[in-house]
Every structure is written in structure tokens, then in C-alpha cells.
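1. Need coordinates for the below:
(chains A and B)
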There are 2 protein chains.
Amino acid sequence: MSQKAFQDCYSDFVSQCYGCGRLNEHGLQIKSYWDGEQSVCRFTPRPYHMAVPGYVYGGLIASLIDCHSTGTAAAAAYKAQGREMGTEPELRFVTGSLHVDFLRPTPIDGELVLRGTVEEVKGRKVVVSVELTVRGELCARGRVVAVQAPPDLMKPPGG
Amino acid sequence: MSQKAFQDCYSDFVSQCYGCGRLNEHGLQIKSYWDGEQSVCRFTPRPYHMAVPGYVYGGLIASLIDCHSTGTAAAAAYKAQGREMGTEPELRFVTGSLHVDFLRPTPIDGELVLRGTVEEVKGRKVVVSVELTVRGELCARGRVVAVQAPPDLMKPPGG
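-> Numbering: from 1, shown residues only, chains lettered A, B, ... in the order given. Presented below is the predicted three-dimensional model:
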């Protein structure tokens, strides 16, 4: 895709998250994009991301839903303000609550596709729902209440 | 503690989970124990488990709550049957649903302490609630509906 990923618009200080930070060399470095009104993230699990042989462990699914949703929340907030993502003042979201329904074991040998839908943008809160599919089969559903990050999380202490 | 961890009672085939498998060399290898009526798990995050500098990323918290709860569910199911953990037939649980409320940013420079409470044991379902504290301060609350793993997830295909 020629579009820039949501996470590639984050400033350096808030780009160190294990799930979505482009500067975290140990992390998952997920990338999320708009696809029409929905947001999409594609992730190929590594063999050690297993729960039992053949299937992905739930914590990875929760992590992907979490970070894809907070990224989607930021993108939706910029969009609601009619601003290009990454412009100042920076909008970044943290997770207030996360809910995941695991509908069936998620195969580890395929690409996980997460599609996010913005349910609500209201004040400092954005609600995102996510469907996770593998080869078109729905494996998990998530819902995240994201809250705009307070200023003291957005910059170094005293910065 | 002299007590054996719940996860050390799992058979080899189901000990490969990234979150809790003792055989997953890349994974978190969490350990859960009874502490009276509650279950407890202590985990020290690595520096790269951050969300923003100074705080733990939500996916780790979700992973710990998830695996600590499924372990607690298994232990509770054995207890309900008056059986020692690890005896055959093996009882192992998967996650039906996971809910996490992030109450405040979780400091990365302390030991995370997860305390699980068994809310319900009914048929193949066990409900576990978890409180996560750091230095005594409550940072997150979780709730997992765990379901006994179907036999085909418990052994190799054709095994």
C-alpha cells in the first residue's frame, strides 16, 4: 500500500510500544491502514506465537486487537478534526478497556487480518470494534474503549 | 515456594504456549500457584515490554491475565474433582472471552502481581477474575471465561 501506516505517524517518544512501536526492535511492529471506512492490519505470527501446536496464543490476539484499535482511534480522532495524521498537537490513545471473544482456535499458519470499525468518537474517547479472520474465517472479535493519552505520557519527564 | 506451579503440571504437548508454556523458550513462561483460595502469579517485565517509556504495554497485561486465568481454571477444575493437578485425564482450559480494564498506567520497573479469584466452576466452564498490582497499587482488573479444551487440542493430530 502506498498509504503511510498509522503507527509510522507517531512521534519517536511514543513509538516504542512492544505491540506497535516502529522503534521497538523486539516488538511486533504492527501496521494499520485505512481501507475505506474500516482500518486493516495484517500480521503473520511467528512459529513461537503458539498456544498449542497449530494455533495462535490468545495474548497475541489480544495484543494485536489492542494496538490496532488504539492506532485506529488516533486515526479516527485526526479524521474527526479534519487534520492529517501526525500533525501537532499529537493525538495518541491508550486503552481504557479491552474485550476479546475467542470464537474458534486461530490457525498459526496463515495471515491474521484485523478489520477495525470506529463505533464512536466522543470527546477524548473512541470505541473501536475489531474482527480477526484467517483465510476469511472469523476467529475472534474484539472491542476497545480507547482514551486520549494524557500529556505526561506523551513526552519524557520534564520534557 | 515449594509448591509446584500449575503450568509445570501440564503435559509436554500443551506446554508450548508463548504465555505459559515451560517448553516455549521464546515465551513468558509464567508460573501460577495457589495462595490460600486465590491464585498468584508474579512477573517482572523486560525493558522492551513497554507501551511508552516507564509503563508496560497492554498486550502483556492481557497475556498475563489470560494465561494466569486459564492456569487457575485448570487448577480449580482439578480441585473441584478432588484430584491432584496433572493426573489423567488431563484438564486444560482455553479462553472463551477475556476482558481487561486498565485502571492506570502500569509501571514497568516493578514486579507485576496477579491475584486470581475463581468466581465459578460449572460444567466445562470456569470464570476467573484477576487483579494486577504493582507495589500494592491496583493497575488493572481482568475477567476470563475459560472453557475446558476439546480433546483434539490436547494431543497431536492422530495422536
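2. gap between A:Gly86 and chain B?
-> Using CB to the nearest CB, to the nearest Å, one obtains 17 Å as the distance from A:Gly86 to chain B. For the C-beta atoms, the positions are set from N, CA and C on the backbone; glycine is no exception.
3. how about the helices in chain A?
-> Counting by DSSP state H, the segments of chain A that form helices are A:58-80.
4. quick one, strands of it?
-> A:32-35, A:38-43, A:93-102, A:112-122, A:125-134, A:137-148 (DSSP state E).
5. residues near A:Leu103, how many?
-> Other residues lying near A:Leu103 total 15 when counted by other CB atoms under 10 Å in any protein chain shown.
6. Could you do A:Asp12 as well?
-> A:Asp12 is flanked by 9 other residues according to other CB under 10 Å.
7. How about it: what's its closest non-neighbour residue?
-> Leaving out its chain neighbours, the residue that sits closest to A:Asp12 by CB to CB, 6 or more residues apart in numbering or on different chains is A:Leu23, at 6.4 Å.
8. residues contacting the one you found?
-> Contact partners of A:Leu23, counting by CB atoms under 8 Å, 6 or more residues apart in numbering or on different chains, are A:Asp12, A:Ser15, A:Gln16.
9. Surely A:Gln3 touches A:Ser32?
-> No: taking contact to mean CB atoms under 8 Å, the distance of 10.1 Å between A:Gln3 and A:Ser32 leaves them out of contact.
10. which of these two has more neighbours?
-> Neighbours were tallied for A:Gln3 and for A:Ser32 using other CB under 10 Å; the higher tally belongs to A:Ser32 (25 against 10).
11. Report the contact partners of A:Ala74.
-> With CB under 8 Å, 6+ apart as the criterion, the residues that contact A:Ala74 are A:Phe6, A:Cys9, A:Tyr10, A:Met85, A:Leu91, A:Arg92, A:Phe93.
12. top of the residues you listed by neighbour count?
-> A:Phe6 (27 neighbours).
13. State the distance from that residue to B:Val126.
-> Counting by CB to CB, to the nearest Å, the gap between A:Phe6 and B:Val126 amounts to 37 Å.
14. same thing with A:Ser97?
-> As for A:Ser97, its distance to B:Val126 is 22 Å (criterion: CB to CB).
15. out of these two, which sits in the busier spot?
-> Regarding A:Ser97 and B:Val126, a neighbour count based on other CB under 10 Å identifies B:Val126 as having more, with 27 against 18.
16. So what pairs up with that one in the strands?
-> With DSSP bridges applied, B:Val126 shows beta-bridge pairing to B:Val121, B:Ala146.
17. ok, it - contacts?
-> Applying CB under 8 Å, 6+ apart, one finds that B:Val126 lies in contact with B:Thr72, B:Ala73, B:Ala76, B:Ala77, B:Phe93, B:Val118, B:Glu120, B:Val145, B:Ala146.
18. Tell me, how many residues neighbour A:Pro156?
-> Neighbours of A:Pro156 using other CB under 10 Å come to 10.
19. so it touches B:Pro53, yeah?
-> Yes: using CB under 8 Å as the test, A:Pro156 is close enough to B:Pro53 to be in contact (7.0 Å).
20. quick one: common contacting residues for the two?
-> Between them, A:Pro156 and B:Pro53 share the contacting residues A:Phe13, judged by CB under 8 Å, 6+ apart.
21. What distance do you get for the spatially most central residue of chain A to chain B?
-> In chain A, the residue lying closest to the centroid (CA atoms, centre = their mean) is A:His68, at 1.1 Å. Counting by CB to the nearest CB, the gap between A:His68 and chain B amounts to 11 Å.
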